[in-house]
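In: coords please:
(4 chains)
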Number of protein chains: 2
Amino acid sequence: MTTSPTKKTGNIRAQSQHKILMAASTEFVLQGYKGATVQSIADRAELPKANILYYFKNKENIYHAVLENTLEMWDKGIGDIDPADGPKVAIEKFIDAKVRLSFNYPESSKIYAMEIIQGAQHLKEFARTYLRQWVREKAKLFQHWIDNGEMLDVDPVHLIFLIWSSTQHYADFETQILTIMNQADYEDDDVETVIKFLTDMILRGCGLK
Amino acid sequence: MTTSPTKKTGNIRAQSQHKILMAASTEFVLQGYKGATVQSIADRAELPKANILYYFKNKENIYHAVLENTLEMWDKGIGDIDPADGPKVAIEKFIDAKVRLSFNYPESSKIYAMEIIQGAQHLKEFARTYLRQWVREKAKLFQHWIDNGEMLDVDPVHLIFLIWSSTQHYADFETQILTIMNQADYEDDDVETVIKFLTDMILRGCGLK
DNA sequence: ATAAAAACTTACTATTTGGTCAGCAAATAT
DNA sequence: ATATTTGCTGACCAAATAGTAAGTTTTTAT
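Out: Okay, the predicted model is just below:
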C-alpha cells in the first residue's frame, strides 16, 4: 500500500482542477456565464466554494480555462485535411470527425456556440487569426479540386460552413432533436445514421456520388 | 393639431412595450438571461428602470414576451409547405424563407438557439407539441414524394434538421462568419449567395437537380 | 372643468454574489 | 523531527440587483 501507480505530486491539484472544470462546463452551459455562480460550480464539483477560488483566482479564469479546453478539443478532434485524400475522402473524413466530436463532447460545442452567439468576446482573436487562416487554407484546397474538375464548382467557404453547421447542430440542438425524435438520449446507431445521411447529402451536393 | 393618425389609446403602452422588448432582446443576446439586468435593459431602451417594471411585472415576464415574439416570427416566417408544390419547389421555398428569416431577424434566431442550448427550459412544451407535430407532418409529405419516386430516399427528418441548421447558422454564427469572411456586416448579395448555394447543394443532395 | 385612469418616478430593501482573509491541516522535503 | 510548502476552510464584506411601495404627473374620458 505504499506506491500508487499515479503521478507523485501536483496530483491533487490536477484532479481538483479537472473536477472543477467539468462542473463549470456544465454550469456554464445550463446557466450561461453570468448565471453560473461560483457556489453552483462548487456544489456540482462537491467542493467548498473557497476551494474553487483557491485553484482559480476568479470566475473569469475558470471560464477561460473551460474555453481553452474547448478549443483544444476542436483542434485535436478535427484533425487535418490531407490533400492526398482527394475531395471525396477528405469530405468523408471531415464529416465523420465533426459528427463524432459533436456526439462525444456536446458541452464543448455548446459553450463554443454560446460564446459566438453572444458576440465572441473571448474568441475574437481566435477567429480573426487561427480560424480565418484555417478556412482559407482548406478553401484553397477545395478550389484546387474544383479547378481540376474533381468536384462541382461550389463555394468552398460556404461548403465548410455547411459542414460545420449541420454537424454541430446535433450537439447544440440536442434537446430539440431528442424531443422531436421522442428519445431520451442519443444511441450508438444515431451517430452512424447521421454520418451516413450528411455524407451522402453533401457528397451528392458536391457531385461526388 | 388635434387628431393624430395613430390609434387613440393604448398607444403609449404599445410603443413603450415595443421599445422595451427590442432593448431586452439585444441584452438577452449579448449577456444571456441572467446577465441581462433590468437596469441594462432600461438603459438601452432609454427609460427609467422602474418604468420597465411598470410595464412588465418582472424580468422573467420580459423574457417570456421576447420568446413569444421569437416563436411568432418563426411561425409566420416559415410559412407552410404546399403539398401541391412538389419536392423541388417546396424545398426551394423552405430554404428561401429560412435564410431570409435568419438574415432579417438574427436576434430572434440567437435567442431561440441559446434557449435550446441551455436545455429549452421555457420551450420544452413548444417543442414537445407544436414542433414535433410540425416535423412529423412535413416528414410525411417528403416521404410521400420519396415513395412516389419524385426524390431520392433521404431521411426526411434529418433533411429538415439539415435545412434548419444550415440556414440558422448564418444568424447564430454571424460574428464568426463575418470575421472569417473579413466583412463588417452582411450585404444584400450575401443573402442571395447563401440561398443559391444551399438550394443547389440540398436539391442535388435530394436528387432534384 | 373635473374626475378617473394610466404613466411615470424616487427612494428604499432584502438577497445574492464574487471575492478576501486569516488561520488550520496535511503532505512533502530536509 | 522539523520546517516549509501545498491544500483547505469558515466567516466576512462590499457591490450589484430584482423588486416594492407610495407617491406625483400626465393623459384621457365625461
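
In: quick one: name the residues of chain A near DNA strand D.
Out: Taking CB under 7 Å from any atom of the strand as the contact definition, chain A meets DNA strand D at A:10, A:12, A:13, A:16, A:47, A:48, A:49, A:50, A:51, A:54. In short, each C-beta sits where N, CA and C put it, glycine included.

In: tell me the confidence at the spatially closest residue to residue A:46 that is not a sequence neighbour?
Out: Of all residues not flanking residue A:46 in the chain, residue A:19 sits nearest, at 7.7 Å (CB to CB, 6 or more residues apart in numbering or on different chains). Model confidence at residue A:19, given as pLDDT, is 98.

In: please report how far residue A:130 lies from DNA strand D.
Out: Counting by CB to the nearest atom of the strand, to the nearest Å, the separation of residue A:130 from DNA strand D is 32 Å.

In: same check on residue A:37?
Out: In terms of CB to the nearest atom of the strand, residue A:37 sits 12 Å off from DNA strand D.

In: quick revisit: buried ones in the strand or helix carrying the residue nearest to residue A:46?
Out: Residue A:19 belongs to helix A:11-35 when elements are defined using DSSP states H and E. For helix A:11-35, the neighbour count (16 or more other CB atoms under 10 Å in any protein chain shown) marks A:16-17, A:19-33, A:35 as buried.

In: could you name the helices and strands sitting against the strand or helix carrying residue A:142?
Out: Using DSSP H and E, the element containing residue A:142 is helix A:132-147. With contacts taken as 3 or more CB pairs under 8 Å, 6 or more residues apart in numbering or on different chains; DSSP states H and E, helix A:132-147 sits against helix A:86-104, helix A:156-172, helix B:174-180.

In: how far out from the middle of the chain is the shortest one?
Out: Read that as helix B:174-180. 18 Å (CA atoms, centre = their mean, to the nearest Å).

In: ok and the next helix or strand after that helix relative to helix B:156-172, angle-wise?
Out: Counting by DSSP H and E, the next helix or strand C-terminal to helix B:174-180 is helix B:188-205. For helix B:188-205 against helix B:156-172, the angle by axes from the mean of the first three to the mean of the last three CA atoms, to 10 degrees is 160 degrees.

In: buried stuff in helix B:188-205?
Out: Residues of helix B:188-205 classed as buried by neighbour count (16+ other CB under 10 Å): B:190-191, B:194-195, B:197-205.

In: let me see the mean pLDDT of it.
Out: For helix B:188-205, the mean pLDDT works out to 98.

In: relative to helix B:86-104, how tilted is it?
Out: Using the same axes, to 10 degrees: helix B:188-205 against helix B:86-104 is 150 degrees.

In: only alpha carbons, please: show helix B:188-205 as PDB.
Out: Below are the C-alpha coordinates for helix B:188-205, written out as PDB (Å, rounded to 0.1, in the frame of the first residue of the first chain):
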ATOM      1  CA  ASP B 188     -27.700  42.200 -49.800                       C
ATOM      2  CA  ASP B 189     -25.700  40.000 -52.100                       C
ATOM      3  CA  ASP B 190     -24.800  37.600 -49.300                       C
ATOM      4  CA  VAL B 191     -28.400  36.600 -48.700                       C
ATOM      5  CA  GLU B 192     -28.800  35.700 -52.400                       C
ATOM      6  CA  THR B 193     -25.500  33.900 -52.500                       C
ATOM      7  CA  VAL B 194     -26.400  31.800 -49.500                       C
ATOM      8  CA  ILE B 195     -29.800  30.900 -50.800                       C
ATOM      9  CA  LYS B 196     -28.300  29.800 -54.100                       C
ATOM     10  CA  PHE B 197     -25.600  27.800 -52.500                       C
ATOM     11  CA  LEU B 198     -27.800  26.000 -50.000                       C
ATOM     12  CA  THR B 199     -30.600  25.400 -52.600                       C
ATOM     13  CA  ASP B 200     -28.200  24.000 -55.100                       C
ATOM     14  CA  MET B 201     -26.400  21.700 -52.600                       C
ATOM     15  CA  ILE B 202     -29.500  20.400 -50.900                       C
ATOM     16  CA  LEU B 203     -31.500  19.900 -54.100                       C
ATOM     17  CA  ARG B 204     -28.600  17.900 -55.600                       C
ATOM     18  CA  GLY B 205     -28.400  16.100 -52.300                       C
END
